[in-house]
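Enquirer: task: produce atomic coordinates for the following.
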Amino acid sequence: MTAHTYSAIPPIELNRSNETAHPLRPVFITVIALKIVVSAFLIATVSLAPPVSAETRYMTVASN
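Expert: Predicted coordinates for the structure are as follows:
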């Protein structure tokens with residue numbers, strides 16, 4: 001068994017000039033952006049909610 005050396009491995013060449021973007025890439029980016037917006041909204045909503053062990057005055061204010 002011979003040892004592999006880095007000089008024996010051919011260099012990696014990036015030929016991206018001939019490739020076109022994936023047709024669903026804008027959809028993917030939109031979905032990721034919407035997921036971030038929804039998660040930020042949910043985290044903000046949860047952070048503004050009173051704790052579970054809140055006093056009864058929180059509940060009376062919320063019901064009025």
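Enquirer: show me the shaky parts of this protein.
Expert: 1-2, 16-19, 52-64 (pLDDT under 70).
Enquirer: so what's the residue count around Ala8?
Expert: Applying other C-beta atoms under 10 Å, we find 8 residues neighbouring Ala8. All C-beta spots, glycine's among them, are computed from the backbone N, C-alpha and C.
Enquirer: distance of it from Leu14?
Expert: Using C-beta to C-beta, to the nearest Å, Ala8 is found at 21 Å from Leu14.
Enquirer: kindly report the same for Val46.
Expert: From Val46 over to Leu14 the distance is 44 Å, taken as C-beta to C-beta.
Enquirer: what about Thr5, how many neighbours?
Expert: Thr5: 7 surrounding residues under other C-beta under 10 Å.
Enquirer: and the contacts of the longest helix along the chain?
Expert: Scanning the chain for the longest helix, with DSSP state H as the assignment, gives helix 25-48. The contact list for helix 25-48, computed with C-beta atoms under 8 Å, 6 or more residues apart in numbering, reads His22.
Enquirer: would you mark the buried spots in it?
Expert: Buried residues in helix 25-48, defined by neighbour count with 16 or more other C-beta atoms under 10 Å: none.
Enquirer: starting at the chain centroid, how far to that helix?
Expert: Helix 25-48 has its C-alpha centroid displaced from the chain centroid by 8 Å (C-alpha atoms, centre = their mean, to the nearest Å).
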